[in-house]
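>>> next come a sequence and a model predicted from it.
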Amino acid sequence: MKTVKTFVTLAAMLVAGTALAQGADKKPAAAAPPPAEKPAAKPPEMAMPMKAPAEMDPMKWMVGTWKCDGKQSMGGKEMPAKGTYKMAWDLDNMWLVGHYEAAKAKGMPKTFKGVDYYTYDDGKKEYVQLSIDNMGGWGKMTSKGLEGDKLAWTGKAMMGAKEIDSKQTITKKSDKELTVDIANGDETYNATCKK
């Protein structure tokens with residue numbers, strides 16, 4: 001009986017050993033490769049406009065030299081405001097550029113000069129005005145465009161380190177006359193300009 005048990009134990013060990021040996025020859029199954037990533041979407045090509053936007057056509061009437069006469073308030077003081085605003089196309093008619101130079105005003109440390117750049121943003125479907133001046137001020141405003149006889153702009157401006165709300169309304173009286181009403185924070189400018 002002892003021999004039979006020994007034989008059965010020995011046979012079991014041989015079978016197990018053979019099975020283990022065969023299992024040792026087999027390599028573990030390789031892990032499945034990760035799912036293929038979708039290739040990154042190619043960004044759309046940037047199509048640069050090759051000519052001035054047609055939306056700028058309604059602004060053509062502004063081109064020319066305007067003599068402006070009105071009043072302004074600065075630091076709580078009101079004073080007369082006279083100046084010249086010269087509007088012309090620039091950079092292959094992509095931008096309408098206005099150069100303003102005020103007449104020397106009593107109480108002003110120097111003659112005010114500023115430059116405004118106007119164009120149409122096709123992506124946002126709005127007009128853009130960028131402004132800079134010789135006092136270190138700058139701003140950006142947007143507009144829906146000429147609505148009836150009014151061109152209303154709103155945005156922000158910087159005066160020194162202070163950001164202020166900026167609003168401007170140009171009212172077209174004719175191709176040769178307009179009024180300008182500007183509010184930069186507490187400071188205002190109101191004038192009638194004629195070609």
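Thanks, I have the structure now. Model, not experiment: these values are computed from the prediction.
>>> find the nearest non-adjacent residue to residue 64, please.
residue 195 (4.9 Å; Cβ to Cβ, 6 or more residues apart in numbering). C-betas here are computed from N, CA, C, even on glycine.
>>> look at the one you found and report its pLDDT.
The model reports residue 195 with a pLDDT of 96.
>>> distance check, it against residue 63.
According to Cβ to Cβ, to the nearest Å, residue 195 stands 10 Å off from residue 63.
>>> ok, residue 181 touching residue 166?
No - Residue 181 lies out of contact with residue 166 (Cβ atoms under 8 Å); the separation is 12.0 Å.
>>> just want to know which of the two has more residues nearby.
residue 166 (23 against 15; other Cβ atoms under 10 Å).
>>> which residues are in contact with the more buried one?
Residue 166 sits next to 139, 141, 153-157, 182-185 when contact means Cβ atoms under 8 Å, 6 or more residues apart in numbering.
>>> that one - nearest residue in space that isn't next to it in sequence?
The shortest distance from residue 166 to any non-neighbouring residue, by Cβ to Cβ, 6+ apart, is to residue 157 (4.0 Å).
>>> quick one: mean pLDDT for stretch 111-122?
pLDDT averaged over stretch 111-122 gives 94.
>>> and for stretch 161-171?
Throughout stretch 161-171, pLDDT has a mean value of 95.
>>> likewise stretch 137-151?
Averaged across stretch 137-151, pLDDT comes to 95.
>>> try stretch 175-191
94.
>>> and it, which residues are buried?
Buried positions in stretch 175-191, judged by neighbour count with 16 or more other Cβ atoms under 10 Å: 178-180, 182-184, 187-191.
>>> helices of the protein, residue ranges please.
Here the chain has its helices, by DSSP state H, at 2-25.
>>> can you tell me which two in the contacts of residue 166 are farthest apart?
Maximum pairwise distance in the contacts of residue 166, criterion Cβ to Cβ, is 15.0 Å, between 153 and 185.
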